[in-house]
Each structure stands twice: as structure tokens, then as C-alpha cells.
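> Using only what follows, build the 3D model:
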Amino acid sequence: QLTELLQQYAAAFRDPMMLQPPEWFKAFIYCEAFLQLPFFPIAAYAFLKGGCRWIRTPAIIYSTHVATTLFAILAHILFHDFSKSEHVGPQTLRERLVLLSIYLPYLLIPLLILFTMLCNPHYKHVEKRKRK
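Numbering: from 1, shown residues only. Sure thing, here's the model as predicted:
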């Protein structure tokens, strides 16, 4: 059933990367499985508990990593010639923008996390100085 659902998604949104991922995309999938997924429960704990300033550095690393990988994926969606793909890919600008809109939240959320970690005064590092 999951395979059928994947086939339906790939056909509806013309996403051949899900059916026949390029090697670089597979590398991103492995990064997601072994680096990003373990981060989620840790981050959920820190954000739900609140007051956990130690999440700042891991969240910055996570968000910059995800944003970097998403830039490559979005560029591939916009500029790749999918006519040579074995599976049907986006051909028109509208189809490319629809597929882009599916991936875009995966860029926006990490950028919001990064912005929060860098600009929110709660997560800024306060240096304690010794009095003489």
C-alpha cells in the first residue's frame, strides 16, 4: 500500500526523484535518516520543555544542513531537464512550481528555526564574567 501511495504521489506531482532518486539525492536521504530524524525527538523535548538553551547549537547545525540540501533539491526541480528521465517529471513551469511548493516548507521551517536561534534573546549566549 505504501508503494502504491508513493506511485500515486509521484504521478500526481511529477516527482521522479522519489521513484528513481539520483545518487546525490540518495545521500540526502541517508543524511535525513541518520542525522535529522534522531534530532527530531531531542528538539521536540527541548522546545516543549522550554528553557533549554543547549538546543541552540544543534538547531543551528540542523537548520543550516537542511537548508543547504534543500537549495540543491529546489535548483534541481527548477533547472533539470526531466525529459530524459525514466519516470515522468515536471515539464512546464507550472508543474515545476507545484513540485517546488511541496518541497518549499522543508526549507522555510529550518530557516525559521535558524532565525529563532540567532535572533531570539532567550537563545543568545550570555557570557558570565568573573569579578575581580
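> remind me which residues of this structure are low pLDDT?
Along the chain, the parts satisfying pLDDT under 70 run over 125-132.
> In the protein, where's the longest helix?
helix 56-79 (DSSP state H).
> Buried ones in that helix, by neighbour count?
56, 59-60, 62-63, 65-67, 69-70, 73-74, 77 (16 or more other Cβ atoms under 10 Å). From N, CA and C alone the C-beta is placed, and that goes for glycine too.
> gap between that helix and the chain center?
6 Å (Cα atoms, centre = their mean, to the nearest Å).
> outside of it, which residues touch it?
17, 22, 24-25, 28, 31, 35-36, 39, 42-43, 90, 96, 99-100, 103-104, 106-107, 110-111, 113-114, 116-118, 123, 125 (Cβ atoms under 8 Å, 6 or more residues apart in numbering).
> Any quick PyMOL command for the buried ones out of those?
In PyMOL syntax, the buried subset of these is picked out as below (16+ other Cβ under 10 Å):
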select buried, resi 17+28+36+39+43+90+96+99+100+103+107+110+113+114+116+117+123
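> thinking again about what came up before, next structured bit after the longest helix of the chain?
helix 93-103 (DSSP states H and E).
> Summarise which helices and strands that next one is packed against.
helix 2-13, helix 56-79 (3 or more Cβ pairs under 8 Å, 6 or more residues apart in numbering; DSSP states H and E).
> Could you rerun that using 10 Å?
For helix 93-103, the packing partners by 3 or more Cβ pairs under 10 Å, 6 or more residues apart in numbering; DSSP states H and E come out as helix 2-13, helix 16-19, helix 56-79.
> Could you dump the ones you listed into JSON lines with distance to residue 48 added?
Formatted as JSON lines, those follow (distance: least, Cβ to Cβ, whole Å):
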{"stretch": "helix 2-13", "distance to residue 48": "29"}
{"stretch": "helix 16-19", "distance to residue 48": "31"}
{"stretch": "helix 56-79", "distance to residue 48": "14"}
